[in-house]
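J.: Sequence first, then the predicted structure, then my questions.
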Amino acid sequence: MPAAQTTTPIADWLLSQLREALDLTSRAAVRRLNPTFWQPRPGSPFHDELANTEVDVHGAPWGPQEPKMAFEMAQLSMLAVEDYLTGIRKLLEPPFPPPVPKLGSAALCRSALESAGFAFWLMDPQLTVRQRVARTYLVLWDEHRTAVKNATNLKAVPGIAQAQADLDTLVTRIDDLGLARATKPPRSVAGETLPSKTDRVTALLAGKVNGGHEIVYSRYSAVAHGEMTGILSRRLAGSWTITPRQLTQNVELAVVAFGQLQRRLCLGGMGSAPDEVANRLWEHNVGRRLLDVRRRLA
């Protein structure tokens, strides 16, 4: 029976398990937003970056400000992931009916994957401080260029001037840091190039979702963009009601996105240990609920 239009004990139980999994994950994500979590452990890769020895073209040391910018970008991404998790949870609140939205949780799941995938790419513990700072400025450079383009398309003269001034300031900063820029596609900063969103999500899900990452992401992206292939993928057996399996898949992928990101952050130096007890407890409690749901759906 479709979970969205029934109040049978089985459907109520399934929805309650998904809500509990999301509640546990949202609470864990909120804890990860605590400022103390973002103070790297002594001796960790992230901590070492705060005492880096890089100097700019004028011979002045970079200092901790540059690597901290990357940490702050990752923290903002975690904030977004938590918000999307909360959004999915809101869509599953009783009473039922009315039906569970058919496309909303898929669109939010896609956004959670993208935000987590970006931070996952940025906070790779194997990067040098130079590579991480280069990736940070590469993202800012790309977004500032987009702001100039958007303002130009709108023919907003004051907006164009401000966007161009912001871009010029950023480019000057990149050059002052001694990070070489390549202006011809693929644009790069210190040899770092921007991977596609699909590639970032693929890396995020590797080892957690068996194959087909690009296909998974493509379907969710199509839903978010209102493409016919995405909308039609939600229609099964002649019904426009979201199925329990689809709903569970949405929740699972959003939860995995958070789990992979928090594990990488802890591994690199955030939190109290590379494998925190809190991580294991979260994985056990959420995993047990989702496994129970999967068994009932089998």
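T.: Thanks, I have it.
J.: which non-adjacent residue is nearest N285?
T.: L24 (5.5 Å; Cβ to Cβ, 6 or more residues apart in numbering). Placement of C-beta: from N, CA and C, glycine included.
J.: Contacts only, for P186.
T.: Under the criterion of Cβ atoms under 8 Å, 6 or more residues apart in numbering, the contact list for P186 reads 193-194.
J.: Return the distance of it relative to L204.
T.: When Cβ to Cβ, to the nearest Å is the yardstick, P186 and L204 sit 21 Å from each other.
J.: Ok, S221 next?
T.: Taking Cβ to Cβ as the measure, S221 and L204 are separated by 14 Å.
J.: just L267 next, same as before
T.: Taking Cβ to Cβ, one finds L267 at 14 Å from L204.
J.: So between the two, which is more surrounded?
T.: The residue with more neighbours, out of L267 and L204 and counting by other Cβ atoms under 10 Å, is L204; that gives 27 against 19.
J.: That one contacts E114, correct?
T.: No. Counting by Cβ atoms under 8 Å, L204 stays clear of E114, with 9.3 Å between them.
J.: before we move on, back to that, surely the residue nearest to N285 is in contact with W282?
T.: Yes. L24 is in contact with W282 according to Cβ under 8 Å; the separation is 6.3 Å.
J.: neighbour count winner among these two?
T.: Neighbours were tallied for L24 and for W282 using other Cβ under 10 Å; the higher tally belongs to W282 (21 against 16).
J.: the helices in the stretch 101-250 of the chain, which residues?
T.: Taking DSSP state H, counting those that start in this stretch as the test, the helices found in the stretch 101-250 of the chain are 104-122, 129-154, 157-176, 197-205, 213-224, 228-233, 244-268.
J.: elements contacting the first one?
T.: Other elements packing on helix 104-122 under the criterion 3 or more Cβ pairs under 8 Å, 6 or more residues apart in numbering; DSSP states H and E are helix 65-91, helix 129-154, helix 197-205, helix 213-224, helix 244-268.
J.: And the average pLDDT for the second one is what?
T.: Think helix 129-154. Per-residue pLDDT over helix 129-154 has a mean of 96.
J.: now E114, nearest residue through space, not along the chain?
T.: K197 is the one closest to E114 (Cβ to Cβ, 6+ apart), at 5.5 Å.
J.: That's all I had, so thanks and see you.
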